[in-house]
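Q: Curious how this folds, go ahead:
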Amino acid sequence: MDDIAAELGMSKKTLYAHFPSKTVLVQAIMQEKFDEVEADLSRLKTKAGRSVEATLRNLLDCVQQHTAEIQPPFVRDIGRELPELFQVIEQRRRDLIRRHFGELFEEGRKAGVIRSDIPVHLIIEILLGAVQTIMNPPKLAELGLTIETGYSSIIGIILEGARSNRRNR
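A: As a prediction, the model looks like this:
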């Protein structure tokens, strides 16, 4: 809290007046971050005239950009020190993926770029499982991935399997 107060140019007493504990402060920061991500993803999805593929690339870029702002030691410490908050963060991430990518995959199915023989909810669950398994600091380090390359690899692998083969239609 000393470092945060110094960075903000305020006393710890003032900081504690607004955030009675470190946990409350971290919760507020994470809420702000998720609100920001939600707004950006919603804005990207509503831009008219973009193809499903372009929108998907833009959503992925957005997720990568926001994720890059969160350093692996922060994620590790949250998981270790505040497991209940980590579970809330995991649930919010799952909700964002289900909502935004699920809607886009449904649009992609209608446009013929997402296979119709695989249920969208199954594609999303596979995506969620991969994200949950791989997108944590120890696993990323083990695989030699950064946060950015982890997300893009997961999405790339899943989408190449989910895309329709236009030659066979």
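Q: CA atoms for contacts and neighbours, from now on please.
A: Fine.
Q: Please identify the buried residues of the biggest helix by length in the chain?
A: Criterion DSSP state H: the longest helix present in the chain is helix 22-46. Under the neighbour-count criterion of 16 or more other Cα atoms under 10 Å, helix 22-46 has 25, 27, 33, 34, 37, 41, 44, 45 buried.
Q: repeat for stretch 4-21
A: Buried residues in stretch 4-21 (16+ other Cα under 10 Å): 12, 15, 19.
Q: related to what we said a few turns ago, from the buried residues of helix 22-46, pick the one nearest residue 99.
A: Ranked by distance to residue 99 (Cα to Cα), the buried residues of helix 22-46 are led by residue 41 at 10.1 Å.
Q: can you pull the contacts of that closest one?
A: Taking Cα atoms under 8 Å, 6 or more residues apart in numbering, we find residue 41 in contact with 59, 62, 100.
Q: Then residue 156?
A: By Cα under 8 Å, 6+ apart, the contact list for residue 156 is empty.
Q: Kindly provide the distance from residue 10 to residue 1.
A: Residue 10 sits 11 Å away from residue 1, going by Cα to Cα, to the nearest Å.
Q: typo on my end, it should be residue 71
A: Between residue 71 and residue 1 the distance is 18 Å, computed by Cα to Cα.
Q: try residue 140
A: 29 Å.
Q: Helix, strand, or coil at residue 70?
A: Here residue 70 takes the coil state, with states given by DSSP: H, G, I helix; E, B strand; the rest coil.
Q: i'd like the first residue to be 359 from this point on
A: OK, 359 is where the count begins now, so the last one is residue 428.
Q: neighbours of it, just the number please.
A: 12 (other Cα atoms under 10 Å).
Q: Nearest residue to residue 465 in space, please, no chain neighbours.
A: Spatial nearest neighbour of residue 465, excluding adjacent residues (Cα to Cα, 6 or more residues apart in numbering): residue 410 at 7.0 Å.
Q: hmm, I was thinking of residue 485
A: Residue 485 sits nearest to residue 516 (Cα to Cα, 6+ apart), 6.9 Å away.
Q: in what helix or strand does that neighbour lie?
A: helix 505-520 (DSSP states H and E).
Q: hey, where'd the helices end up in the protein?
A: Per DSSP H, the chain carries helices over the ranges 360-366, 370-376, 380-404, 410-426, 430-439, 441-454, 460-469, 478-492, 495-501, 505-520.
Q: Same list, the ones you listed, but as CSV with mean pLDDT please.
A: CSV is the format used below for the helices of the chain (pLDDT from 0 to 100):
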stretch, mean pLDDT
helix 360-366, 80
helix 370-376, 86
helix 380-404, 89
helix 410-426, 81
helix 430-439, 82
helix 441-454, 88
helix 460-469, 89
helix 478-492, 91
helix 495-501, 87
helix 505-520, 79
